[in-house]
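Chemist: Pasting the sequence and the predicted coordinates here, then a few questions.
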Amino acid sequence: MVMTKTKTRVQLLVLADYASISKNGKLSINGIFDQIFSRKFPSKFLRMFLVAVVEGEPDETRDIDLRIISPEKKDILSPKKQKVRFGDNGRTNIIADIANLPLPVAGIYQIKILEGIRELASTSLRVIKVENNSGIRH
């Protein structure tokens, strides 16, 4: 019988105001969002958390890349490489604390998780330019 490796799959990928993992492995996510506002560009987003739940082969380690790509199709941070180890249930939680994210322009930013060249999942962050008297609160 030939054993085949389980393909790595992303079950959840979100951006949030805060995320943590408790001592007993429970994932907590606060303030999920997919759009932010800025009055001027270039700008920076002070802090956000990229959160993913990933499935793979139990007790195996894999290399995962996290990328954030601007509307101009440029990486706005160096790709973040992470080694992830799947638990005996074949799952792992990933939390990336991202501070001072550069936002060169308004538009849709792509957040991607890759294993090698294979894209496992993506989500988007819409960055919207607002006027000073727009009534939108941050």
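Modeler: Sure, I can see it.
Chemist: contacts and neighbour counts: CA atoms only from here.
Modeler: Fine.
Chemist: Let's verify the spatially most central residue of the chain: helix, strand, or coil?
Modeler: The structure's the chain has its C-alpha centroid closest to residue 50; by Cα atoms, centre = their mean the separation is 3.4 Å. Secondary structure, DSSP: H, G, I helix; E, B strand; the rest coil: residue 50 is strand.
Chemist: That one is in contact with residue 17, isn't it?
Modeler: No. Residue 50 lies out of contact with residue 17 (Cα atoms under 8 Å); the separation is 9.1 Å.
Chemist: And the pLDDT at the closest residue to residue 27 other than its chain neighbours?
Modeler: Leaving aside its sequence neighbours, residue 27 sits nearest to residue 21 (Cα to Cα, 6 or more residues apart in numbering; 4.6 Å). For residue 21, the model assigns a pLDDT of 95.
Chemist: and the end-to-end length of stretch 83-97?
Modeler: 16 Å (Cα to Cα, to the nearest Å).
Chemist: dump the residue contacts of residue 54.
Modeler: The neighbourhood of residue 54, defined by Cα atoms under 8 Å, 6 or more residues apart in numbering, consists of 8-12, 91-94.
Chemist: Now, the residues you listed that are in strands?
Modeler: 9-12, 91-94 (DSSP state E).
Chemist: For stretch 90-104, list every residue counted as buried.
Modeler: Under the neighbour-count criterion of 16 or more other Cα atoms under 10 Å, stretch 90-104 has 90-95, 103 buried.
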